[in-house]
Structure formats: C-alpha cells, structure tokens
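1. prediction below, plus the sequence it came from.
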Amino acid sequence: MTDTTIHEALSSAVSDVLERMFFLEILGEVAEPPPEPESVTVRVSFDGDPPGCFQMRIARPAANAVAADFLGEDAESLTDRQSTDVTLELANMICGAVLSRIESRAAFRLGSPQIVTDETGESASAEETRCTVDTGSGPLTAVIRMETRTCLPIEESAS
Amino acid sequence: MEQIIVGMADCKVGSVAGQVLATYALGSCIGLSVYDPKAAVGGLLHYMLPDSGIDPARSLANPYMFADTGIPKLLEQVCCQGASRRRLVAHAAGGASIMDPKAIFDIGKRNYLALRKILWKAGILLAGEAVGGATSRTVRLEIGSGRLWLQVGGGQKELVPSFPQKGGNTWPTGS
Amino acid sequence: MAYRVLIADDSPAMRSFVRRVIELSGFELSACFEAGDGAEALAVLRSEWVDAILTDINMPGVDGEELLRRLAADESLRGIPAIVISTDATQNRIERLLALGAKGYVTKPFRPETLRAELERTLGVPSD
C-alpha cells in the first residue's frame, strides 16, 4: 500500500464521518497547527495486518460543538462527560472507517478509544500518515501509524 | 385548486384542502416541505444560504433566506396552524451545483448539511429527498391530500401519493 | 404499539444517538435497555423480553459477535431480531455476522434514515 492510498483513506474517512453523522462539510485539508493546550487527544490501538494506532486531536471548542451536533443538543447544555463520550466515539468511527478502506488479509480489531496526554509516537518503526481539517469550530488532526506495509489496496466501497 | 407560490427566500403554510404550495428553480437552494397528514396542514420553505451569521441584519429582515432562521420559522408556523411536530413528514429538494459544476463553493451541499443538522436537532428525520446533482427542481405540495410532486427538467413525477400511507418515501438519489 | 429494545454499545454517546433515531423513526418505546458490552446485554435478556437488539461489534469482554453466537445458541433468545451497528464495513465481517443470525447491518458512519430503514425492515413500519 502506498502512502498516497493511506492518506486518501484517512482524509476520506475523516470527511465521511464528519459529514454523515456530524453534518459538517469539510472543504479539504488545512495546515496542521501546533498543539493547543485546550485540545483533546484520543488514541485507538488496533490489531491486524499491520497493527498500529490511530490518534485524533481536536480543539476543545470544536469537540464541544461536534458533540452538540451529534446529540442534537445545545452546546451550552452539554456536560463535559457527554462531550468526552462523543469525542471518543468520533475517534472510534474515523479509525474504523480508515481501516475498512484498507483491506488486509486479517481482519482489524479496534481497542477501546482512550484519552491521552502524551502524543509521542509509539514505535520508531511505525509509518505515519497525518491529516488536518477545519471543523468550523477549530482544527481536527487525525494520525494513523502502521507498523508494517503488508496491506493491499482496494477501491473505496460506495455506502 | 389555489396555487400559492413560494418564492426564493420565502415560506408559505397551507391549511385549506385544495391549496397547492409550489416553489420553482431550486438550484443550490433547498425546498423543505413538511406535512402533517392528520391535521392536513403543510408548509414549504425555499431558503438560499445555510448560516445567518454571515448577515444577521438580513436574517432579521427575512429569516427565510437562511436555513438556521428559516427552518425554525417554518416549523413554528405549521404548528401554529395545528400541525404536530411529531407527525410531520418532511421532504427536501435542491442543493444542486448549477452555476458551480465543480462544486468549488458548494453552496448546495452546505445548504443540505445545514438542513440535516437543524432537522436532527429539531427531532425530525427526512422521509425523502432529491438533492445534489446539477439540475434545477420544482416542488409542489398539495394540502388536504399531502401529495408531493417533483419536477426535474421536463419531467414531473408524483413522489408522495395521497395520505394515509406509512413509512418513509425515498426519492431516487439525484432525481 | 410500544416497543422494547436493547442497545448494546460500549459508547454511551452512540447509545444515545441510536435511541434518538429509534424514537424519531416513530417507534414508541415502552422500554429501552442499555448495555456496555455483550455480558451486560445477556444479563438484561435473562430477565427482560425485548422486541429487538441493536448491537455494536467491538465491545470489551463479550463482543457483539460472541453475543450473536450466544443468542443463536439459546432457544428462548434466538428469535429476537438483532441489528448490528459497526465501524467494520468489510464484506467478510458483514457476511459472517449475517450468517450468525443478524437480521440487519448498519455501518458507521450512517445517516439516521439508514438506521430507520433497517428498523422498519426488521420490525415493520411503526403503527400510530
């Protein structure tokens, strides 16, 4: 699998999830900003061929806004717990959507999404692909790290 | 049969059997039709832009220009005429890329996503839609029967037959 | 008619989303049970009858696939229709879960109307 194919899978997964379940139009990628103190980072590890991990960083105002959109609530009435729960599920969905676009001989299995405070990479041998979009309320950066390159490209399925 | 024209950035509600609400030339704009089959009350909104934040003064003068001000107004007005929000059957048409075939600005898509966000928050799911593409559309809603017609290009088709009927009606994508 | 459903997903946010779709689809709920994993789901089913189960696949402990196996193995539970809601869109997984007895499959991300269509296909169109 080429870096371009993984990048395409990542960017289309981000757009698809945000559009379909959060009603956000993503107008292409933007430059990745430096990490803000008020941002939330979620990590999802996955087994498979290859194994790796997915990481999503989202500005807190954006996390609150997308959580409100997802739950059909006003942002002002959301609890921190609700905002966190939605952010975890957003990362889970994007990770699953990326991996479903990258077929391999073995099925992928996702771990539970976890809030992290340390964004350093897990493995020196990991190949990393990054994508940043503007949600309209702040940036969202998605990163996928895969430890080997044995997966085969497939065409994106219509759904 | 009394035809009531809904212009661009406009909204009309009907509660008399025989009235037909009609809106034309839905390009990037969205035509949102809602109908309560039990109360026999319906409304049709034709809005042009997704977000009134770009021009709050304009939205005060005409809330129907924008999705975020027009849709709540439509729902308020049909409910004032006796409709129940829970019973509303909603359909959407438009959101095309007429003057923007490469969808660079994609107003049509932004209008459509704004519609979905606002309806989700309002607790309404779409029963059918005919959105996207590059063709202008016309919609007619008949009060009393609840029949809904869609006109695309030279052809017209009845997409929602008279009530009572159950379940969602899915218009073919791109119709 | 009022329905009794069980939603199994380790994400509270997704359980809320699914419940909202069910209600907005016109299904009046007389009971909506929630479970964070397959073991909790089975515990609910030991004492409560439901008309439908909506389950995620990737859950800690007893996952959705194992839940389907246990439902199929239990004569008193195998008749309850189960709709799978999962991030995995690979054909292999979908076919395997349908073979295990799932009546429907919805891939995340999904439009609410897609889940509504699956609910109507599984339960019938809700009556007033």
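-> Received it, and whenever you're ready, just let me know what you need. Numbers count the residues shown, from 1 in each chain, chains lettered A, B, ... in the order given.
2. contacts and neighbour counts: CA atoms only from here.
-> Will do.
3. would you mind finding the longest helix in chain A?
-> Determined from DSSP state H, the single longest helix within chain A is helix A:80-101.
4. typed the wrong thing, it's chain B
-> Ranked by residue count, the top helix of chain B under DSSP H comes out as helix B:107-122.
5. coming back round to it: whether the longest helix of chain A contacts chain C - can you check?
-> Yes: Helix A:80-101 is in contact with chain C by CA under 8 Å from any CA of the partner chain, via A:Gln82, A:Asp85, A:Val86, A:Leu88, A:Glu89, A:Asn92, A:Met93, A:Gly96, A:Ala97, A:Leu99, A:Ser100.
6. enumerate the residues of chain A near chain C.
-> Proximity of chain A to chain C, by CA under 8 Å from any CA, involves residues A:16-17, A:20-21, A:70-71, A:82, A:85-86, A:88-89, A:92-93, A:96-97, A:99-100, A:103, A:109-112.
7. if we look at chain B, which of these are close to it?
-> Answer for the residues of chain A next to chain C near chain B (CA under 8 Å from any CA): A:Leu71.
8. hang on, the earlier thing: check which element follows the longest helix of chain B along the chain.
-> On the C-terminal side of helix B:107-122, the closest following helix or strand by DSSP states H and E is strand B:126-131.
9. how far off helix B:107-122 does that following strand point, in degrees?
-> 170 degrees (axes from the mean of the first three to the mean of the last three CA atoms, to 10 degrees).
10. what strands line up against strand B:126-131, and which way round?
-> The pairing partners recorded for strand B:126-131 under DSSP bridges are strand B:89-94 (parallel).
11. from the chain's centre, how far out does the strand it pairs with sit?
-> 5 Å (CA atoms, centre = their mean, to the nearest Å).
12. likewise stretch A:34-47?
-> In terms of CA atoms, centre = their mean, the centre of stretch A:34-47 is set 9 Å apart from its chain centre.
13. swap in stretch A:38-50?
-> 8 Å.
14. hey, C-alpha coordinates of it in PDB?
-> Provided in PDB are the C-alpha atoms of stretch A:38-50 (Å, rounded to 0.1, in the frame of the first residue of the first chain):
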ATOM      1  CA  GLU A  38      -7.100  23.300  25.200                       C
ATOM      2  CA  SER A  39      -7.300  20.300  22.900                       C
ATOM      3  CA  VAL A  40      -8.300  16.700  23.500                       C
ATOM      4  CA  THR A  41      -6.300  13.800  22.100                       C
ATOM      5  CA  VAL A  42      -7.700  10.300  21.700                       C
ATOM      6  CA  ARG A  43      -5.800   7.200  20.800                       C
ATOM      7  CA  VAL A  44      -7.200   3.900  19.400                       C
ATOM      8  CA  SER A  45      -4.900   1.000  19.100                       C
ATOM      9  CA  PHE A  46      -5.700  -1.800  16.600                       C
ATOM     10  CA  ASP A  47      -4.600  -5.300  15.900                       C
ATOM     11  CA  GLY A  48      -4.400  -6.600  12.400                       C
ATOM     12  CA  ASP A  49      -2.100  -6.800   9.400                       C
ATOM     13  CA  PRO A  50      -0.500  -4.400  10.000                       C
END
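15. now that stretch: average pLDDT?
-> Mean pLDDT, stretch A:38-50: 90.
16. can you check stretch B:136-148 too?
-> Here stretch B:136-148 scores 94 as its mean pLDDT.
17. hmm, back to that, would the longest helix of chain B count as contacting chain A?
-> Yes: using CA under 8 Å from any CA, helix B:107-122 reaches chain A at B:Lys109, B:Arg110, B:Leu113, B:Ala114, B:Arg116, B:Lys117, B:Trp120, B:Lys121, B:Ala122.
18. residues in contact with stretch B:72-83?
-> B:11-13, B:15, B:35-36, B:38-45, B:63-64, B:85 (CA atoms under 8 Å, 6 or more residues apart in numbering or on different chains).
19. right, I mislabeled it, should have said stretch C:44-64
-> Against stretch C:44-64 from outside (CA under 8 Å, 6+ apart): A:109-112, C:3-10, C:33, C:35-39, C:65, C:77, C:80-86, C:123.
20. point to the residue nearest the middle of chain B.
-> For chain B, the residue whose C-alpha lies nearest the mean C-alpha position (CA atoms, centre = their mean) is B:Leu32; its distance is 1.1 Å.
21. how about it, secondary structure?
-> With DSSP: H, G, I helix; E, B strand; the rest coil as the basis, B:Leu32 sits in strand.
22. grab the nearest non-local neighbour of it.
-> In space, and not counting its chain neighbours, B:Leu32 is closest to B:Ala92: 4.6 Å by CA to CA, 6 or more residues apart in numbering or on different chains.
23. ok, B:Ser59 next?
-> Spatial nearest neighbour of B:Ser59, chain neighbours left out: B:Ser52 (5.8 Å); criterion: CA to CA, 6+ apart.
24. mind checking how far that neighbour is from chain A?
-> As judged by CA to the nearest CA, to the nearest Å, B:Ser52 and chain A stand 15 Å apart.
25. A:Gln114 contacts A:Cys53, correct?
-> No: A:Gln114 lies out of contact with A:Cys53 (CA atoms under 8 Å); the separation is 11.3 Å.
26. return the residues in contact with the residue of chain B found nearest chain A.
-> Going by CA to the nearest CA, chain A is nearest to B:Lys121 of chain B, at 4.1 Å. B:Lys121 sits next to A:Asp69, A:Leu71, A:Gly72, A:Glu73 when contact means CA under 8 Å, 6+ apart.
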